[in-house]
Each structure stands twice: as C-alpha cells, then as structure tokens.
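[1] no FASTA, just this:
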Ligand SMILES: Cc1cc2nc3c(=O)[nH]c(=O)nc-3n(C[C@H](O)[C@H](O)[C@H](O)COP(=O)(O)OP(=O)(O)OC[C@H]3O[C@@H](n4cnc5c(N)ncnc54)[C@H](O)[C@@H]3O)c2cc1C
Ligand SMILES: NC(=O)c1ccc[n+]([C@@H]2O[C@H](COP(=O)([O-])OP(=O)(O)OC[C@H]3O[C@@H](n4cnc5c(N)ncnc54)[C@H](O)[C@@H]3O)[C@@H](O)[C@H]2O)c1
C-alpha cells in the first residue's frame with residue numbers, strides 16, 4: 001500500500017492546481033483520475049472544447065467581419081461539424097500534453113482509475129484491471145460535475161445531446177432546440193445561430209443569465225433575436241421525444257410543442273459523487289451532489305478537503321484553480337495565501353462576448369448605494385471600427401461620493417480580456433479618476449474605459 005502526504009481525486013483545474021501547490025510545499029502527492037487522460041471537464045468536454053468551437057465558428061463563418069464586408073461574407077461556405085471538431089481536437093490534445101508535462105515535471109504521481117473511499121485516510125482505486133488501496137494523510141476531493149439528466153429527456157448522444165456531447169452531433173442541424181438559458185445554453189445558442197442554424201432557446205426563468213447586469217443581458221437578447229433565435233422565456237420543458245423521422249420534439253409545460261432536428265439539454269450540472277462512497281469517509285453531499293465545505297474548503301472531516309465544481313457556485317474553471325490552491329494552503333496551515341471572491345470576474349463567451357466584475361446596477365439599487373454610471377460604445381472608439389465591432393459597449397459603475405469603482409460590465413469583442421483592467425483598478429482601490437488621468441494606447445479597446453469615465457464624471461458634474 002502506497003502512502004502519500006496528499007491524495008487528490010480528479011485532474012480538472014482544481015485537482016491540478018492543488019496537486020502542484022502541495023508539491024511546491026514539499027509534499028508527496030498522488031492524483032487519481034478515472035478518465036484515460038488528465039484535464040477533467042475543463043479540457044476534455046467543457047471549457048476548452050466550447051471556447052475552441054466558438055473560435056472556429058467565428059473564423060469560418062466570418063461573423064466578425066460581416067459589418068465590413070457584407071452580410072454574405074463567409075470564410076467557408078458550407079461549414080460541417082467535422083470542420084469544427086478538427087480545431088477542437090487539436091487544442092484538446094495540446095492542452096492535455098501541457099497538463100501532463102506540468103504534472104510530471106513537478107513529480108505528481110498520476111494514478112489512472114476510479115477512486116472510492118475506504119475510510120477517511122484510505123482510498124481504493126479501481127482501474128486497468130487492478131484494485132489498489134492508497135493511504136494519505138490528507139485528501140482533496142476535486143471530482144467536478146456531470147450534466148444533470150432526467151428519464152423524461154432520452155439523451156441519445158446523436159440528436160438529443162447534453163453539453164459533453166455537442167461535438168458528437170453527426171451533422172450541423174438546420175434547426176436546434178436548446179433547453180436551459182444558463183451560461184452553457186446561451187453560449188451554444190450563439191455559436192449555432194452564428195452558423196445560420198435556427199435555434200429555439202427555452203428557459204424556465206423569466207430572464208436569461210439572471211446574475212448578469214440586465215442592461216447587458218438586454219443587449220445580448222437583441223443580438224440573439226437579430227441572429228433569428230426564438231426565445232421562449234418563462235417556459236419549462238417537461239419532456240422530450242424522438243419522432244420516427246429522426247426529428248425531436250420538446251413538450252413544454254404550457255402544452256406548446258417545439259420541433260427541431262436536434263436538441264441540446266443544458267439545465268445545470270450535478271456533483272460527480274456516485275463512485276466515491278463518501279459515506280465510508282463520513283461525508284454527505286446534498287441532493288445535487290455538492291459537498292459542503294467551510295471557508296477553508298475543509299469538509300466536516302478535518303483531513304478531507306473539497307474544491308472546484310463539486311462544492312457548487314460559481315463553478316468556473318478560473319475559480320476552481322484558485323480553490324485548489326487555497327485548499328492546499330489551508331490544509332498545511334498557511335494563512336498567507338489569500339483570494340477575494342468579490343474580485344472574481346465572469347467571462348461569458350456568447351457572441352458577442354460578455355464579461356463583468358463587481359456589482360450590477362440591480363444589486364446596488366437594492367443595497368441603496370449611491371452610484372453613477374459611465375458608458376462608452378465601441379463604435380465611438382477607433383479600434384471598434386477597425387475590428388468591425390460597432391455594437392460593443394462598456395459600462396463603468398462608480399460610487400458618487402468616493403468615486404470608487406463598484407462594477408464593470410462589458411459586452412463586445414475582447415470583453416473577457418478587457419475586464420482585467422477594471423479588475424486591477426478595483427483590487428487596488430482605484431477610483432474613476434484613474435481612467436481620466438491615464439493614457440491608453442491608441443487605437444485600443446482599452447480606451448473605452450477612459451471614454452466611459454468621462455461620460456460618468458460629466459454626468460456627476462451636472463449636480464455640482
Ligand atoms: C460546456 C462548458 C463550458 C464551460 N466554460 C467555461 C468557461 O468558459 N470558463 C470557465 O471558467 N469555466 C467554464 N466551465 C466550467 C469549468 O469547466 C469547470 O468549472 C471546471 O472544469 C471545474 O473544474 P474541477 O476541477 O472542479 O473539475 P472537472 O474539470 O469537472 O474535473 C473533475 C475530474 O475528476 C474526475 N473524477 C470524477 N470522479 C472521480 C473518481 N471517483 N475517481 C477519479 N477521478 C474522478 C473526472 O473524470 C474529471 O476528470 C464550463 C463548463 C462546461 C460544461
Ligand atoms: N463562460 C463560463 O464561465 C461558463 C460557460 C459554460 C458553463 N459554465 C459553468 O457551467 C455550469 C453549468 O451551466 P448550465 O448552463 O448547465 O447551468 P445553469 O444552472 O447555469 O443553467 C441552467 C438553466 O436551465 C434552466 N432550466 C432548468 N430546467 C429547465 C427546464 N426543464 N426547461 C427550461 N429551462 C430549464 C434553469 O432555469 C437555468 O437557467 C454553470 O454553473 C457555469 O458556471 C461557465
């Protein structure tokens with residue numbers, strides 16, 4: 001029986017970061033992964049495939065250049081699922097190689113197999129025709145999630161797919177039903193709509209992306225409609241059926257029936273805990289398979305920690321890495337490593353992209369915080385015109401009295417990169433005056449910050 005200082009279960013972003021951090025602290029570390037390759041949902045089925053597919057869609061469809069060369073501009077006239085899969089497979093393979101190299105360079109022992117607890121210090125790993133028990137002083141559960149499913153939606157991996165299977169669609173459908181207007185549903189809706197697929201998006205809540213600033217969501221909704229997406233909000237899909245001709249029907253609770261060539265079921269995800277035998281370690285998960293932890297990512301069993309999507313919100317690759325790092329720091333009594341969730345950014349890879357940090361107008365209104373808003377439009381910035389994005393906008397929210405930046409909300413090309421300028425100013429306690437008094441490269445999208453700051457400060461001046 002092998003003995004480790006730390007055993008990590010799962011090789012997604014949280015597991016990888018936890019394992020390497022522990023090695024850097026001089027610990028002997030093993031990482032167990034049940035897939036044949038490392039990287040988790042992030043590299044193999046979720047983040048990396050979807051973001052690469054988006055890039056392929058934007059390139060091949062010529063979407064970003066239609067405002068310059070005309071609505072019929074295309075790089076490739078007939079785009080197939082294999083065109084998209086080609087680029088995706090290339091990036092997945094490279095990312096797996098990079099991750100494997102990083103783990104081996106750092107001396108993390110990767111064990112392939114499915115982990116299950118024997119007790120709070122022992123884990124059995126079944127794989128490759130063998131079963132071995134490993135002992136560890138500390139254990140980190142980083143098993144991530146899998147798509148939520150129900151018997152009423154017969155996923156067949158071909159025409160009725162979940163988000164792990166999108167690239168398995170044999171052909172690009174002419175019509176697609178997307179169930180779930182969360183981040184996954186909305187991102188894929190945008191990609192297929194940009195390819196000319198007629199998409200119907202069904203969301204049971206009255207609004208899409210409820211956690212985002214509603215002005216930004218309204219701007220996105222405009223783009224979705226412009227791309228001929230039909231939005232069925234406040235409507236719940238009750239069941240799905242396959243018809244003999246191979247098409248698919250979604251039955252809504254309101255008795256409406258929607259038909260399509262294919263259906264993507266993206267109604268959330270649940271913790272990957274079925275194989276773990278958590279009870280043997282004295283741990284319980286909630287109904288959605290999420291494991292409760294304290295602020296240090298410690299479960300109710302003192303030597304066992306959990307990080308990443310399996311602990312629930314916000315379920316982002318970016319945050320999962322950070323949770324893995326902090327969990328290891330706390331496991332070894334290190335309080336110096338810190339991370340502040342108030343400054344975690346969101347990047348939503350819709351078309352156009354959305355990114356934000358800090359509070360929304362809705363939250364600040366609810367909290368009675370006196371704020372002012374400054375807005376700038378990509379069409380007024382030279383780089384916006386050069387790039388062909390004339391619909392993007394950046395919204396800066398700042399405190400009316402202290403002038404501190406309270407939130408930044410962006411929709412448009414490069415939003416997920418651009419947000420980090422606002423993030424740095426917020427983290428360093430900057431005010432709107434930073435943007436007024438700073439020179440930005442010209443022509444860049446970063447100039448949006450300065451234009452928005454002027455706009456906001458000019459509004460304030462009306463009251464002086
Ligand atoms: C379609 C999609 C798009 C996304 N896009 C983004 C994005 O743009 N930006 C972003 O920040 N986040 C995005 N996410 C979220 C991101 O992928 C997750 O937050 C991240 O992968 C979670 O990392 P993790 O370490 O918790 O686990 P995961 O990446 O889920 O990895 C967990 C690993 O544990 C393994 N495992 C499970 N059980 C066992 C067991 N018993 N024994 C051994 N191994 C086990 C699994 O095989 C898996 O490899 C997206 C997710 C999806 C589904
Ligand atoms: N860019 C990113 O950061 C990114 C991208 C994709 C995924 N993710 C992560 O992946 C996780 C899962 O994403 P998701 O979109 O699957 O989950 P989600 O929980 O965010 O959204 C699911 C949506 O489906 C709706 N829904 C549920 N049942 C329904 C029904 N029967 N009919 C119609 N609508 C229904 C819900 O109201 C909800 O809005 C998220 O937590 C997210 O953080 C992040």
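    Looks like it came in fine. Keep in mind that what you see is a predicted model, and the values were worked out from it rather than measured. Ligands and ions are numbered 1, 2, ... in the order given.

[2] please count neighbours and contacts with C-alpha atoms only from this point.
    OK.

[3] quick one: pLDDT of residue 464?
    pLDDT recorded at residue 464 is 76.

[4] repeat that for residue 69.
    At residue 69, the pLDDT value in this model is 87.

[5] mind checking how far it is from ligand 1?
    To ligand 1, residue 69 is 29 Å away according to C-alpha to the nearest ligand atom, to the nearest Å.

[6] that residue: neighbour count?
    12 (other C-alpha atoms under 10 Å).

[7] same check, this time on residue 336
    9.

[8] distance of it from residue 307?
    Distance of residue 336 to residue 307, given as C-alpha to C-alpha, to the nearest Å: 19 Å.

[9] okay, the one residue in the stretch 1-150 of the chain that gets nearest to ligand 2 and residue 53: tell me how far apart.
    Nearest residue of the stretch 1-150 of the chain to ligand 2: residue 47, at 6.5 Å (C-alpha to the nearest ligand atom). Separation of residue 47 from residue 53 (C-alpha to C-alpha): 10 Å.

[10] hmm, back to that, would you report the backbone torsion angles of the residue of the stretch 1-150 of the chain closest to ligand 2?
    Torsion angles at residue 47 (phi, psi; degrees, to the nearest 10) stand at phi -60, psi -60.

[11] can you pull the buried residues of stretch 332-351?
    Buried residues in stretch 332-351, counting neighbours by 16 or more other C-alpha atoms under 10 Å, are found at 343, 344, 345, 346, 347, 348, 349, 350, 351.

[12] contact partners for the third one?
    This points to residue 345. Neighbour list for residue 345: 355, 356, 357, 358, 419, 423 [criterion: C-alpha atoms under 8 Å, 6 or more residues apart in numbering].

[13] which residue ranges of the stretch 351-464 of the chain form helices?
    361-366, 382-387, 415-427, 432-436, 447-461 (DSSP state H, counting those that start in this stretch).

[14] other residues contacting the shortest one?
    Spelled out, that is helix 432-436. In contact with helix 432-436 (C-alpha under 8 Å, 6+ apart) are residues 398, 403, 404, 405, 425, 449, 450, 453, 454, 457.

[15] which residue ranges make up each domain of the chain?
    Domains of the chain are assigned by the TED database as 2-146+270-342, 160-267, 352-461.

[16] show me the one of those that comes nearest residue 152.
    domain 160-267 (4.9 Å; C-alpha to C-alpha).

[17] so for that closest one, mean pLDDT?
    Mean predicted lDDT for domain 160-267 stands at 96.

[18] run the contact check for that domain versus ligand 2.
    Yes: against ligand 2, domain 160-267 shows contacts by C-alpha under 6 Å from any ligand atom at 179-185, 202-205, 236-238, 266-267.

[19] around ligand 1, pick out the residues from this protein.
    Taking C-alpha under 6 Å from any ligand atom as the criterion, the neighbours of ligand 1 within the chain are 9-15, 32-35, 39-42, 46-47, 50, 113-116, 142-145, 163, 184, 272, 275-276, 308-310, 315-318, 320.

[20] which pair of the residues of domain 160-267 next to ligand 2 spans the longest distance?
    Greatest spacing in those, by C-alpha to C-alpha: 183 and 238 (20.5 Å).

[21] more neighbours, the two?
    A direct count of neighbours by other C-alpha under 10 Å for residue 183 and residue 238 places residue 183 higher, at 18 against 13.

[22] you'd agree the more buried one is up against residue 211?
    No: judged on C-alpha atoms under 8 Å, residue 183 makes no contact with residue 211 at a distance of 10.4 Å.

[23] still on that earlier bit, buried ones from the contacts of helix 432-436, can you make that a PyMOL selection?
    The PyMOL selection below is limited to those of the contacts of helix 432-436 classed as buried (16+ other C-alpha under 10 Å):
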select buried, resi 398+403+404+405+425+449+450+453+454+457
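
[24] adding pLDDT and distance to residue 93, write the contacts of helix 432-436 out as CSV.
    Below are those laid out as CSV (pLDDT from 0 to 100; distance: C-alpha to C-alpha, whole Å):
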residue, pLDDT, distance to residue 93
398, 98, 43
403, 98, 47
404, 98, 44
405, 98, 40
425, 98, 36
449, 98, 37
450, 98, 40
453, 98, 43
454, 98, 46
457, 97, 49
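
[25] of the contacts of helix 432-436, closest to ligand 1?
    Among the contacts of helix 432-436, and counting by C-alpha to the nearest ligand atom, the member closest to ligand 1 is residue 425, at 21.3 Å.

[26] could I get the phi/psi values of the closest residue to ligand 2 within the stretch 301-450 of the chain?
    Of all residues in the stretch 301-450 of the chain, the one sitting closest to ligand 2 is residue 348 (3.9 Å; C-alpha to the nearest ligand atom). Dihedral pair for residue 348: phi -110, psi 120, per degrees, to the nearest 10.

[27] right, and it touches residue 187 too?
    Yes: in this structure residue 348 lies within contact range of residue 187 using C-alpha under 8 Å: 7.4 Å.

[28] and the helices of the stretch 351-464 of the chain, which one is worst for confidence?
    helix 382-387 has the lowest average pLDDT among those, namely a mean of 93.
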